[in-house]
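**Student:** sequence first, predicted model second:
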Amino acid sequence: MSQSGKAKPVQLTALQMTSGPDPQKNMQQVAELLQNIPPQRPQLVVLPEAFSCFGAGDKQQLLSAERFGDGPLQNQLAALAKQHGIWLVAGTIPVVDTDNAERFSAACLVFNSAGELAGRYDKIHLFDVEVADSTGTYHESRYTKPGSKVVTINTEFGRLGLAVCYDVRFPELFRVLREQGCDIMVLPSAFTKVTGAAHWHQLVRSRAIEQQCFMVAPGQVGEHANGRETFGHSLIVDGWGRILAEQESGTGVLSAAADISQLTDIRKRIPVATHNQFKVKYERST
Ligand SMILES: O=C(O)CNC(=O)[C@H](CS)NC(=O)CCC(=O)C(=O)O
């Protein structure tokens, strides 16, 4: 069941980052940006994809991978969530695959405002793509193990649905998130400059409109260590598809107050979920 009827108002916040290869420097950047978040609570803060290690190749990410439930990045993220009293969606970090030392999961970990781990989603759709830009070909599945579970998480301000970057091109995932009762979809991202300019706003707003959910979609931005360029334009969108906040360029904090009860009205007036004739089969995660 959706929480939209009785949930508290929530402040939605995204951090836009230019991450480099060094996890500790990137964690420092997160800690500094968190100094500038608004004072409202409850607050949901979402970090970009690969915020802890980016732009030095997948092998570098593999080297920085931690075991699930045990590692310096996970400890620091938990401590920051607790210190600020925020729900923290930690973009993705590489988490070692215990079956294969040469592979990691692009894990989106969620910490509650007490600093406890509240959920984990592993990126399902991997970016094995030829982009017609200077940075060329991507082969994310070479070192990354794809996830296989759809994840939603209950909070006092609504149900979260987790997706990462390239996942946004697969509407069926978002359909399942909505069927699991989700109100706020998060999309930690690192869109390429070329595909971002062509598709980013349309994709993010479409998923919000189709599923009548808020979307919090932070991105990586600018030029990274290996010359790769990311699009930025982090977005916070409401369930009507309106852009509530956007940061086009540079690193920073963007934030907007969200009234989750707005979704009840939108869903009542345009009941697409009940009108839909294409039923999908899914298993509920929690
Ligand atoms: O590799 C890393 O360091 C972190 N992961 C990423 O940057 C991922 C995989 S390469 N990027 C995307 O999924 C971009 C999707 C995109 O740009 C699109 O769908 O157009």
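**Tutor:** Now that the structure is in, tell me what you want to look at. Predicted, not measured: the structure shown is a model, and the values here were computed from it. Numbering: from 1, shown residues only.
**Student:** work out for me the element the closest residue to the ligand within the stretch 101-250 of the chain sits within.
**Tutor:** Closest to the ligand within the stretch 101-250 of the chain is residue 195: 3.0 Å, counting by CB to the nearest ligand atom. The way it works is simple: take the backbone N, C-alpha and C, and place the C-beta from them, glycine included. Assigned by DSSP states H and E, residue 195 falls within helix 193-211.
**Student:** on that earlier part again, need the contact list for the residue of the stretch 101-250 of the chain closest to the ligand.
**Tutor:** Shown in contact with residue 195 (CB atoms under 8 Å, 6 or more residues apart in numbering): 131, 231.
**Student:** so what pLDDT did it get?
**Tutor:** Looking at residue 195, its pLDDT is 96.
**Student:** next one: residue 135
**Tutor:** 64.
**Student:** what residues of the helix or strand bottoming out on mean pLDDT in the chain count as buried?
**Tutor:** In the chain, no helix or strand scores lower on mean pLDDT, DSSP states H and E than helix 58-63, which sits at a mean of 89. By neighbour count on 16 or more other CB atoms under 10 Å, the buried set for helix 58-63 is 58, 60-62.
**Student:** in the stretch 51-200 of the chain, which spans are helices?
**Tutor:** 58-63, 72-84, 171-179, 193-211 (DSSP state H, counting those that start in this stretch).
**Student:** residues in contact with stretch 239-249?
**Tutor:** 12, 14, 16, 201, 205-206, 208-209, 211-214, 221-222, 232-238, 254-256, 258, 262-263, 266-267.
**Student:** what about it, how long is it end to end?
**Tutor:** Stretch 239-249 has an end-to-end distance of 24 Å (CA to CA, to the nearest Å).
**Student:** list the buried ones in it?
**Tutor:** 239, 241, 243-247.
**Student:** what do you get for stretch 162-174?
**Tutor:** 162-168, 173-174.
**Student:** what of stretch 214-234?
**Tutor:** 214-222, 224, 228-234.
**Student:** only alpha carbons, please: show that stretch as PDB.
**Tutor:** Below are the C-alpha coordinates for stretch 214-234, written out as PDB (Å, rounded to 0.1, in the frame of the first residue of the first chain):
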ATOM      1  CA  PHE A 214       8.300  12.200  -7.000                       C
ATOM      2  CA  MET A 215      11.700  11.600  -8.500                       C
ATOM      3  CA  VAL A 216      15.000  12.600  -6.900                       C
ATOM      4  CA  ALA A 217      17.700  12.300  -9.600                       C
ATOM      5  CA  PRO A 218      21.200  13.600  -8.700                       C
ATOM      6  CA  GLY A 219      24.000  13.400 -11.300                       C
ATOM      7  CA  GLN A 220      27.700  13.500 -11.600                       C
ATOM      8  CA  VAL A 221      28.800  16.700 -13.400                       C
ATOM      9  CA  GLY A 222      31.700  18.000 -15.400                       C
ATOM     10  CA  GLU A 223      35.000  16.600 -16.400                       C
ATOM     11  CA  HIS A 224      36.500  13.600 -14.600                       C
ATOM     12  CA  ALA A 225      40.000  12.200 -14.200                       C
ATOM     13  CA  ASN A 226      40.000  10.200 -17.400                       C
ATOM     14  CA  GLY A 227      38.500  13.000 -19.500                       C
ATOM     15  CA  ARG A 228      35.000  11.500 -19.300                       C
ATOM     16  CA  GLU A 229      32.300  14.200 -19.200                       C
ATOM     17  CA  THR A 230      29.000  13.900 -17.300                       C
ATOM     18  CA  PHE A 231      25.800  15.900 -17.800                       C
ATOM     19  CA  GLY A 232      24.900  17.300 -14.400                       C
ATOM     20  CA  HIS A 233      21.400  18.900 -14.400                       C
ATOM     21  CA  SER A 234      20.400  17.100 -11.300                       C
END
